[in-house]
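Engineer: Have a look; sequence and predicted model below, questions after that.
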Amino acid sequence: MKKVLFFGAGVLGSLYAAKLHEAGTEVALVARGSRYEELKEHGIVLERFDSGERTTTRVRVLDRMPEGEYFDLCVVLVQKTQLDSALAALAANTRIPAFLFMNNTAEGPGAMIDALGRERVLMGHVNAGGERDGHVVRYMVAEKMTMGELDGKRSERLLQIARTFKAAGFPVELSRNIDAWKRYHVALAVPFAYAMYGHGACNFSLSRSREDVKRCLQGIREAFQVLRALEFPVEPSKFRWIFSIPDLLMVPLFQLVLRSKIADIGMARHLRNARDEMEKLSAEFLVLVQQAGVETPVLDELRCGIPQPKPSLVSERLLGNKE
């Protein structure tokens, strides 16, 4: 991929745009409001969580979607709550042949297909996390990125995209069922978010409660059963260990993970900054629960136990507390 547009200039859009630019790809980054002004003034300022190493990268920054310009690829990095408005802007450019959507979703690619056409839609999942502190982006890279075509084929464009990210330092795994992959990620994330919000979105607090960690794992198993009942294959296949490893081993292992820097940076901080998105994903997954007709008592218990610091009609409806 010679020319790539990034739509969304948060932590991940900034990180990937900077690294691809440094690797020789022609990059443009769409940002809005104060973020656009920050990038114009300071460039993309990245700081590694582990070492504190800081870099500054200057890329081409746009304040709106370029409607008539060709790009080989547009990488969409917005929260699910922003997707509807993003799709309207993305659809204005009919010259871009491929859009890689990296947002969380439990309802599949339908809205993306409706806006852009099936042949232009790919889906993927990020391999980094972090937070913004003013104009500085602090980040950590965890594992491989995942991406795939909707039909599961290893197309030439998919391989080219993977090579482009790999050249920038981001290893990639290809999925033969990226729709299922994304749904299982939400099925993992939603019960975990419920448990974390019950502890003030503090991974260290949750790690100290063996009973709550156990309930979180039980909620994840129930969520996975929902997807299996709807005939989504477990994806990635390594998630099968959720069912095969007993709690005697899983609970202390999960407690150990929760005490790690990855859990703090990649999980807890994200949950504190993305509560609206998690509410939306929760609502989407509840639709799947209803479609499957599967009993989810632990998941329901976790959801109902979430404190509501800022109650609103919308949040209460999404979390199932009101009609």
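Structural biologist: Perfect, thanks for sending it.
Engineer: mind listing the strands in the stretch 51-200 of the chain by residue range?
Structural biologist: 54-57, 60-62, 73-76, 99-101, 121-125, 128-133, 136-141, 145-149, 172-174 (DSSP state E, counting those that start in this stretch).
Engineer: Can you tell me which of those strands has the worst average pLDDT?
Structural biologist: With a mean of 89, strand 128-133 has the lowest mean pLDDT of the strands of the stretch 51-200 of the chain.
Engineer: what's the angle from that one to strand 136-141?
Structural biologist: 170 degrees (axes from the mean of the first three to the mean of the last three Cα atoms, to 10 degrees).
Engineer: Which residues belonging to strand 128-133 are considered buried?
Structural biologist: A128, G129, G130, E131, R132 (16 or more other Cβ atoms under 10 Å). C-betas here are computed from N, CA, C, even on glycine.
Engineer: Same question for stretch 43-61.
Structural biologist: Result for stretch 43-61 [16+ other Cβ under 10 Å]: buried residues G43, I44, V45, L46, F49, T57, V59, V61.
Engineer: hmm, which two among the residues you listed are most spread apart?
Structural biologist: F49 and V61 (24.3 Å; Cβ to Cβ).
Engineer: Please parse this structure into its domains.
Structural biologist: 3-176, 180-318 (automatic domain parsing).
Engineer: Out of these, which gets the lowest mean score?
Structural biologist: domain 180-318 (a mean of 88).
Engineer: need the contact list for G305.
Structural biologist: Y194, G198 (Cβ atoms under 8 Å, 6 or more residues apart in numbering).
Engineer: give me that answer again for 6 Å
Structural biologist: By Cβ atoms under 6 Å, 6 or more residues apart in numbering, the contact list for G305 reads G198.
Engineer: and the gap between it and M250?
Structural biologist: 21 Å (Cβ to Cβ, to the nearest Å).
Engineer: same thing with A86?
Structural biologist: The value you get for A86 to M250, if Cβ to Cβ is used, is 37 Å.
Engineer: mind listing the helices for the stretch 151-300 of the chain?
Structural biologist: Secondary structure of the stretch 151-300 of the chain (DSSP state H, counting those that start in this stretch): helices located at 156-167, 178-197, 203-207, 210-229, 241-244, 247-258, 261-262, 269-273, 275-292, 297-304.
Engineer: So which of the ones you listed is the most surrounded?
Structural biologist: The highest mean neighbour count among the helices of the stretch 151-300 of the chain, using mean count of other Cβ atoms under 10 Å, belongs to helix 178-197: a mean of 24.
Engineer: by how many degrees do it and helix 247-258 diverge?
Structural biologist: Using the same axes, to 10 degrees: helix 178-197 against helix 247-258 is 80 degrees.
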